[in-house]
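Chemist: sequence? don't have it. structure:
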Ligand code: CMX
Ligand code: CO
């Protein structure tokens with residue numbers, strides 16, 4: 001089951017400038033930053049709200065670290081903007097398998113490492129009405145949610 005909007009991924013050319021825009025315009029603060037070598041990005045997660053499944057919803061600001069990365073390719077074709085949406089689930093592998101059986105291409109043979117210790121996979125935008133879609137299983141919930 002998909003139980004929340006986990007995040008909206010936004011492609012930007014200058015991560016620090018994007019962080020400053022979201023801080024000064026809306027008051028959103030950075031919860032976490034990391035480099036994900038496999039995905040080819042430097043990213044900032046801005047926590048917007050908690051959700052009733054014990055998770056949370058974030059904005060994910062993404063700056064490419066390599067010219068051949070998906071976000072670099074997206075920026076060169078479209079410029080800055082919304083890159084993908086991500087739904088949260090408690091079991092990303094099972095969810096991907098089920099959605100794959102409905103004829104949607106799952107882009108990863110097995111789930112990969114995402115932000116903050118999460119496990120992620122992507123669905124092809126051409127099978128999702130033009131929306132690149134990510135599924136996210138958060139890292140083990142903290143003790144109070146276990
Ligand atoms: N949203 C919607 N459509 C997209 C898209 C996006 N983000 N990226 C590409 N497309 C469309 C293109 O517009 C193009 O459409 P047309 O054929 O109609 O022109 C088509 O998909 C192919 O585009 P492309 O530029 O040739 O891109 P590729 O096929 O090389 O790659 C994709 C597209 C989705 C397979 C690739 O971007 C991918 O594997 N993405 C998943 C990984 C990823 O995005 N990682 C970064 C985020 C990490 C994170 O969230 O943690
Ligand atoms: Co994402």
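Modeler: Happy to help now that I have it. Computed from a prediction, not measured in an experiment: that's the story for all the values here. Ligands and ions are numbered 1, 2, ... in the order given.
Chemist: Relative to residue 26, how far out is residue 137?
Modeler: Counting by CB to CB, to the nearest Å, the gap from residue 137 to residue 26 is 27 Å. The way it works is simple: take the backbone N, C-alpha and C, and place the C-beta from them, glycine included.
Chemist: Which of those two has more residues huddled nearby?
Modeler: residue 137 (22 against 11; other CB atoms under 10 Å).
Chemist: So what sits opposite the more buried one in the bridge?
Modeler: Counting by DSSP bridges, residue 137 forms beta bridges with residue 119.
Chemist: and it, what is it in contact with?
Modeler: 88-92, 111, 118-120 (CB atoms under 8 Å, 6 or more residues apart in numbering).
Chemist: Next one: it, what pLDDT does it get?
Modeler: pLDDT, residue 137: 98.
Chemist: got it, and residue 143?
Modeler: 50.
Chemist: centre of the chain versus stretch 92-100, how much separation?
Modeler: 17 Å (CA atoms, centre = their mean, to the nearest Å).
Chemist: if we can go back for a sec, of the contacts of residue 137, grab the buried ones for ChimeraX.
Modeler: Restricted to buried positions by 16 or more other CB atoms under 10 Å, the ChimeraX selection for the contacts of residue 137 reads:
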select :88,89,92,111,118,119,120
